[in-house]
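Undergrad: pasting the sequence and the predicted model now:
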Amino acid sequence: MERQMGNRQTVTAEEDARLVKSILDGNRVSFRMLINRHAATVRMFVARFIPMLEDEEEVTQDVFMKAYESLQRFDTEKANFKTWLLRIAYHAVLKHLRNESRLELVELEGLRLETISDEATDAVLGDTTSHRLTLLKQAVSQLAPDDQMLISLYYYDGHPLKEIAYIVDRTDSYLSSRFQWLRKKIYQTVIKLERNEKD
């Protein structure tokens, strides 16, 4: 099953590369085909962070415009087309969120991140009860936009660390330590939310 999935991804990447070559040779219909193949992925990614439909559509359109304008820089040696497109979407969403400045970040007191054990973090983040999942979702929503997208790409969408490193233009080692920090930050926020419920 895993091998079939890998083969399917390889075939898709090869088909995408052929379409890109066709576009660069002047065939505009091929770009419409590329959009159709990847529109749902991009729209779903954008909508996760930009809930207003009008803004979501605008950012999604911007992603494809930017992709079209940058197509000559697409390099199959660095990433497949879908990953390259998500890189553009990541930066477009981040730019939109920073311009909107709608995020309210919560100040956290009490627990210092370096004192939180991995065991305690695993216990809280591994709890799948309905109430705890609600708190986890709230905790993630209080992270900075770029951190929310890291969580989304890794935990929700299941992208490998190497792909995420390409999408967000960071090193694998930076991301490994960032995820460790984020896990503890989310743990800290969940504990704070639970305390607030009891007060």
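TA: Okay, I see it. This one's a predicted model, so the numbers in the text were calculated from it and none came from an experiment.

Undergrad: list the buried ones in the helix or strand where Lys185 lies?
TA: Using DSSP states H and E, Lys185 sits in helix 172-198. By neighbour count on 16 or more other Cβ atoms under 10 Å, the buried set for helix 172-198 is 175, 178-179, 182-193. Heads up, the C-betas are built off the backbone N, CA and C, glycines and all.

Undergrad: leaving out sequence neighbours, find the closest residue to Ile167.
TA: Excluding its sequence neighbours, the residue lying closest to Ile167 (Cβ to Cβ, 6 or more residues apart in numbering) is Arg87, at 4.5 Å.

Undergrad: and the one you found, how many residues sit next to it?
TA: 20 (other Cβ atoms under 10 Å).

Undergrad: from the contact counts, what lies against the helix or strand it falls within?
TA: Applying DSSP H and E as the criterion places Arg87 in helix 81-100. In terms of contacts (3 or more Cβ pairs under 8 Å, 6 or more residues apart in numbering; DSSP states H and E), helix 81-100 is packed against helix 2-24, helix 28-49, helix 53-70, helix 145-151, helix 161-168.

Undergrad: any chance of those helices in JSON lines with mean neighbour count, distance to Lys137 and mean pLDDT as columns?
TA: JSON lines is the format used below for those (neighbours: other Cβ atoms under 10 Å; distance: least, Cβ to Cβ, whole Å; pLDDT from 0 to 100):
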{"stretch": "helix 2-24", "mean neighbour count": "13", "distance to Lys137": "28", "mean pLDDT": "74"}
{"stretch": "helix 28-49", "mean neighbour count": "16", "distance to Lys137": "12", "mean pLDDT": "92"}
{"stretch": "helix 53-70", "mean neighbour count": "16", "distance to Lys137": "19", "mean pLDDT": "94"}
{"stretch": "helix 145-151", "mean neighbour count": "20", "distance to Lys137": "10", "mean pLDDT": "92"}
{"stretch": "helix 161-168", "mean neighbour count": "19", "distance to Lys137": "20", "mean pLDDT": "95"}
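
Undergrad: no further questions, thank you.
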